[in-house]
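In: sharing a sequence plus its predicted fold:
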Amino acid sequence: MHQSIPQRVITLSIVGDDEDAYVTYSYVSPVTGLVYINAPVCDVLVDRPIHTLYVLDYTATLNGWTVTGTSPHEGSPTLKSVLGAGNLSIMTSNPHKSHDTYAYYIHYTNTCTHAIIKRDPQEVNVPPRDDEFTK
């Protein structure tokens, strides 16, 4: 029997329109049931395979932000992702293999200012080092 893979939704708010912009996360944890509103970090721990849909909020899109992809860091394996319509969202697929831990950045581009940022949703808006940013 095929097991269904559930989806969780995380709303992305981006404050600022340049390389110093920071991202906050609003979501319900599927593991603990706790609700987070505009949290500076996102707990993406899972206890089963799951799709996570990251969606930009109204203000972020009004200010020109789009999502352009993901990339692994710290030697992490690549996490499968799919961009959504209009580059306003991205879905990651975590197969929940106990031996894999995924450390990754979500990439954003501002269509008004041309700023490019990438942020790890699991860390408190710490941008990557310059040498890591170019990878």
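Out: Great, that's in hand.
In: how many residues are close by the nearest residue to residue 6 once chain neighbours are set aside?
Out: Closest residue in space to residue 6, ignoring its immediate chain neighbours: residue 50 at 5.8 Å, by Cβ to Cβ, 6 or more residues apart in numbering. Where you see a C-beta, it was placed from the backbone N, CA and C, and this is true even at glycine. For residue 50, the count of nearby residues is 18 (other Cβ atoms under 10 Å).
In: which residues does residue 50 contact?
Out: 5, 6, 7, 8, 30, 93, 94, 96 (Cβ atoms under 8 Å, 6 or more residues apart in numbering).
In: try 10 Å
Out: 5, 6, 7, 8, 30, 31, 44, 92, 93, 94, 95, 96 (Cβ atoms under 10 Å, 6 or more residues apart in numbering).
In: same question for residue 87.
Out: So residue 87 contacts 56, 61, 65, 66, 67, 68, 69, 108, 109, 111 (Cβ under 10 Å, 6+ apart).
In: I figured the third one hits residue 14, correct?
Out: What that stands for is residue 65. Yes. In this structure, residue 65 is within contact of residue 14 by Cβ atoms under 10 Å, at 4.9 Å.
In: joint contacts of the two?
Out: Common neighbours of residue 65 and residue 14 (Cβ under 10 Å, 6+ apart) are 21, 23, 56, 57, 59, 108, 110, 115, 117.
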